[in-house]
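Colleague: What shape does this take:
(2 chains)
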Amino acid sequence: MIKVALVGNPNSGKSSLFNQLTGLNQKVGNFPGVTVDMKSGEAKVSGTSTIQLIDLPGTYSIYPRSLDERVVINLLTDENHKDYPDVVVVVVDASNLNRNLLLFSEVADLGLPTILALNMVDMADKAGIQINTKKLSDLYSSPVVTINARVGSGLDELKNAIISAKDLKQPREPLYPVKELAPELVQKLQERYPEKSDYRAYQMAQQLNDISYLPPDEKEWIAGVKAEYDFHDKQLKEQETLDRLAIIKDKTGKALSVSEVSFRDSMTDRLDRVFTHKVYGYAIFLAILFLIFQTIFAWAEPFMDMIDEGFGWMSGWVHRYLPEGILNDLVAEGIIPGLGGVIIFIPQIALLFLFIAILEESGYMARVVFLMDRIMIKFGLNGKSVVPLISGMACAIPAIMATRTIDSWKDRVITIFVTPFMSCSARLPVYAILIALVVPDEYIFGLFNLQGMALMGMYLLGFLMAILSAYVMKKLLKTDEKSYFMMELPIYRSPRWGNVGLTVLEKSKTFVFEAGKIILAISIVLWVLASYGPGENFENAESIVREQETGLTAKAMDDAIAAYQLEHSYAGVMGKWIEPVIKPLGYDWKIGIALITSFAAREVFVGTIATIYSVGSDFEDEGTIKSRLSAEINPDTGGPMYTPALGFSLMVFYVFAMQCMSTLAVVYRETKGWKWPMLQLAYMTAVAYLSAFVVYQWLS
Amino acid sequence: MRTAAQLRHGERGTVTGFSNSEMSLKLMEMGVLPGQEIEFKFAAPFNGPRCFLVRGYQLSLRINEAEAISID
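Modeller: Modelled structure (predicted):
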């Protein structure tokens, strides 16, 4: 199968082309050794044969400025890479030809068969630019294909070009004679690596630090050669870029005819006047955020209810029709609810990413980054941290993965560190039940619902702690790394729905596979801890309870037995074991169990609490849990257990605590070590504990 | 000598060079070259990034990035 790599500037339409070619036949993997998404997919050519496509991160040149851009040079120069392409397609924005051709000329000089895919010719037309593709092809000695990635035209021609380019081993003159920059060094490198062309040998010296596949002793040797010939990376890079751009300007000038109409997208100008306005700009951003969250909660609810009922029904069915025993319990009480606990978040996560994808596709998100950059810098973040922080309100896992676009390592680590403070969808059920319990359902000034305001307060609290922590980290972390902003503000366009759909699909899949497996595994572990216990008390729970309690209905008896069993299970023992630690926060061992089980996913709190207070199996009925909780008596005071002090203490704990194993696992993967996830766990737990302590002591 | 950060709204200037070698390469890759005309379009509030029209596309730069561009 022919392997094809897609390369191009950001906003050149590269990803649209990839989506057009592969459709649903794509998957996201990882480049070996680096945590950068590798999107690959297959496309049919002339009915029978298929080609494999790899979508590389958008970049302006092969000299990377962020983590994900490094992949480009590492894939295109590593002949032993399993995905080393046979053909490279460089997608080029025709309305900005010279800038786009810089990347093309660099890639073409690496010597792989390279095709120039000319996109956005309609935009160039409007700008009065006529391109003679035949001449362009001759000047750059490469096949040129005109495509329209938005509507999907020119795809067959491109596929044909790929097929014929594969055999064309292109022994052609490089566009730029790089050897002249450092003749002795290139010569010396080629003596050791005779198969390397001039430009490949030159790149080994130039990008020594960014190339990951070379063994350490080779790197050391190359570093020695660089020192020997006094090789100055920066000056040479600059010289090369200037020279290349001069050559491009000269060549391209011969293939272009520019008429005098100076095109401006007046719609973009008008929209920018509003969207980047110092008052309206922020007001509109806040309004959009507000609308998004309103819509997510309103639209997701029916789906979540359906999923909930569906899994409840499945559990019941298995319980009834599978032969009784451990396996039955494991499936009905461990695996199915565990799976349900994963699936239930999909509606909210999918909807949030639907909106984010629309905002990104339309060009609006770049304006948000532009507007927020200055403010975020003050807190140690940067404009590009906005998207991860917003995504964090659905789920921290895709949010943390979205930080890969941040090129400064320091800004990225800070963003990763503080994102879990944003209240994710798993916290919502916890807030909902506790607020219903301790905040009166009243209006002040006939306008503001107290419960609604308390809920908003929790979200706000998480956000404030996120930026405050970022600010502290900014002061603590010292680095002399350079951070670039330089970003294109693309023109506004209507979103391509295919791209939006594929993004939503991809993010939801990421959540299910990344978080899902951990949530499921922990659900099963917790089920074991809650279903088995040490000693007599657990073994004989049924007879003990039957002896103590008489005159109960059959259902109440079952509930009482379940509660007694949980109390004496391993989970119950653990809850009692941590009770002294959480006592100052106002919690008892029952809440202790719920805190432990929350490590699977925070919303498990509600189910656990329901079981402990023996509401029985249909604990989804919020009214029942609420009345049970209200009736619970605090043995120390004789008053109600769930006072406002306890309720708020618990909520604050849930706002701040790092109770998500999946997030820790993702942070470990993204930061390549245990340092950051462990610091995060310690820090967030400390913040949660202290805040809950202060709140409880202050309110009671 | 003026820098791109000193341009007024709607004002154009021709790039003459760069005062910061760290940024010059990336700026050139984005199409900001000596001899190129750029136009200051608008800025984000609170001294935030600025938006320039470069070769018909909108490029946004932080102030320190714009200051690295000398103009005439």
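Colleague: And the lowest-mean-pLDDT helix or strand in chain B, what does it pack against?
Modeller: Within chain B, no helix or strand scores below helix B:21-29, which has a mean of 88 by mean pLDDT, DSSP states H and E. Judged by 3 or more C-beta pairs under 8 Å, 6 or more residues apart in numbering or on different chains; DSSP states H and E, helix B:21-29 is in contact with helix A:233-255. Yep, even glycine has a C-beta here, placed from its N, CA and C like the rest.
Colleague: Enumerate the positions of the helix or strand that comes right after the helix it packs on that are buried.
Modeller: Note on helix A:233-255: by DSSP states H and E, the next helix or strand toward the C-terminus is strand A:256-258. Residues of strand A:256-258 classed as buried: A:Leu256 (neighbour count, 16 or more other C-beta atoms under 10 Å in any protein chain shown).
Colleague: same check, this time on stretch A:63-83
Modeller: Along stretch A:63-83, these residues count as buried under the neighbour rule (16+ other C-beta under 10 Å): A:63-77.
Colleague: Okay, buried residues for the least confident helix or strand of chain B please.
Modeller: In helix B:21-29, counting by 16+ other C-beta under 10 Å, buried: B:23-29.
Colleague: Now do it against helix A:233-255, angle only.
Modeller: Calculated by axes from the mean of the first three to the mean of the last three C-alpha atoms, to 10 degrees, helix B:21-29 forms an angle of 20 degrees with helix A:233-255.
Colleague: contacts for helix B:21-29?
Modeller: Taking contacts as C-beta atoms under 8 Å, 6 or more residues apart in numbering or on different chains, the residues outside helix B:21-29 that touch it are A:60-61, A:63, A:65, A:99, A:102, A:234, A:237-238, A:241-242, A:245, A:482, A:484, A:486, B:18, B:65, B:68-69.
Colleague: any idea how far the residue lying farthest from the centre of chain B lies from chain A?
Modeller: Distance from the C-alpha centroid of chain B peaks at B:Phe46, with 18.1 Å (C-alpha atoms, centre = their mean). In this view, B:Phe46 and chain A are 5 Å apart by C-beta to the nearest C-beta, to the nearest Å.
Colleague: List the contacts of the nearest residue to that residue once chain neighbours are set aside.
Modeller: Computed as C-beta to C-beta, 6 or more residues apart in numbering or on different chains, the closest residue to B:Phe46 that is not its neighbour in sequence is A:Arg374, at 4.8 Å. By C-beta under 8 Å, 6+ apart, the residues touching A:Arg374 are B:44-49.
Colleague: follow-up on the earlier one: is it possible to mark the buried ones in the contacts of helix B:21-29?
Modeller: Buried among the contacts of helix B:21-29 by 16+ other C-beta under 10 Å: A:60-61, A:63, A:65, A:99, A:102, A:237-238, A:241, A:245, A:484, A:486, B:18, B:65, B:68-69.
Colleague: Could you list which of those belong to strands?
Modeller: Of the positions in these, B:18, B:69 sit in strands, assigned by DSSP state E.
Colleague: Quick one, grab the pLDDT at the nearest residue to A:Leu139 once chain neighbours are set aside.
Modeller: Once flanking residues are discounted, A:Leu139 sits nearest to A:Lys251: 4.5 Å by C-beta to C-beta, 6+ apart. Here, the pLDDT recorded for A:Lys251 equals 93.
Colleague: which parts of the stretch 451-600 of chain A sit against chain B?
Modeller: Neighbours of chain B within the stretch 451-600 of chain A, by C-beta under 8 Å from any C-beta of the partner chain: A:482, A:484-491.
Colleague: next one: the stretch 301-450 of chain A
Modeller: Going by C-beta under 8 Å from any C-beta, the residues of the stretch 301-450 of chain A near chain B are A:366, A:370-371, A:373-375, A:383.
Colleague: In helices, which of those residues fall?
Modeller: Residues of those located in helices (DSSP state H): A:366, A:370-371, A:373-375.
Colleague: Buried among these? Need that as a selection in ChimeraX.
Modeller: The buried residues among those can be selected in ChimeraX (16+ other C-beta under 10 Å) with this line:
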select /A:366,370,371,373,374,375
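Colleague: which of the ones in helices among the residues of the stretch 301-450 of chain A next to chain B lies closest to chain B?
Modeller: Lowest distance from chain B to those (C-beta to the nearest C-beta) belongs to A:Arg374, with 3.5 Å.
Colleague: and A:Ala426, what is it in contact with?
Modeller: By C-beta under 8 Å, 6+ apart, the contact set of A:Ala426 is A:345, A:395, A:601-603, A:660.
Colleague: between these, which is nearest chain B?
Modeller: Nearest member of the contacts of A:Ala426 to chain B, counting by C-beta to the nearest C-beta, is A:Cys395, at 29.1 Å.
Colleague: Give me the helices and strands touching the helix or strand containing A:Val666, please.
Modeller: Using DSSP H and E, A:Val666 sits in helix A:661-671. Other elements packing on helix A:661-671 under the criterion 3+ C-beta pairs under 8 Å, 6+ apart are helix A:396-401, helix A:409-418, helix A:497-531, helix A:675-699.
Colleague: Let's see that with 6 Å instead.
Modeller: For helix A:661-671, the packing partners by 3 or more C-beta pairs under 6 Å, 6 or more residues apart in numbering or on different chains; DSSP states H and E come out as helix A:396-401, helix A:497-531, helix A:675-699.
Colleague: most neighbours per residue, which of the ones you listed?
Modeller: Highest mean neighbour count among these (mean count of other C-beta atoms under 10 Å in any protein chain shown): helix A:396-401, with a mean of 25.
Colleague: tell me what it is packed against?
Modeller: Judged by 3+ C-beta pairs under 6 Å, 6+ apart, the packing partners of helix A:396-401 are helix A:386-391, helix A:497-531, helix A:661-671.
Colleague: In JSON lines: the ones you listed, plus mean pLDDT.
Modeller: Shown next, in JSON lines, are the helices and strands packed on helix A:396-401 (pLDDT from 0 to 100):
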{"stretch": "helix A:386-391", "mean pLDDT": "90"}
{"stretch": "helix A:497-531", "mean pLDDT": "84"}
{"stretch": "helix A:661-671", "mean pLDDT": "87"}
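Colleague: Ok, which of these comes nearest A:Ile131?
Modeller: helix A:497-531 (25.3 Å; C-beta to C-beta).
Colleague: For the helix or strand following that closest one, which outside residues touch it?
Modeller: Next along the chain after helix A:497-531, taking DSSP H and E as the criterion, comes helix A:535-539. Under the criterion C-beta atoms under 6 Å, 6 or more residues apart in numbering or on different chains, residues A:His568 lie in contact with helix A:535-539.
Colleague: Specify the local secondary structure of A:Asp68.
Modeller: The three-state label given to A:Asp68 by DSSP: H, G, I helix; E, B strand; the rest coil is coil.
Colleague: So for it, what's the pLDDT?
Modeller: pLDDT, A:Asp68: 76.
Colleague: Could you do A:Gly380 as well?
Modeller: 87.
Colleague: do the one 5 residues further on as well
Modeller: Model confidence at A:Ser385, expressed as pLDDT, equals 93.
Colleague: how near is it to A:Met376?
Modeller: A:Ser385 is 6 Å from A:Met376, where distance means C-beta to C-beta, to the nearest Å.
Colleague: More neighbours: which of these two?
Modeller: Neighbour count, other C-beta atoms under 10 Å in any protein chain shown: between A:Ser385 and A:Met376, A:Ser385 has more, with 30 against 23.
Colleague: That one: what's it in contact with?
Modeller: Shown in contact with A:Ser385 (C-beta under 6 Å, 6+ apart): A:376, A:415.
Colleague: Relative to chain B, how far out is A:Pro57?
Modeller: 15 Å.
Colleague: Ok, A:Ser627 next?
Modeller: From A:Ser627 to chain B the distance is 51 Å (C-beta to the nearest C-beta).
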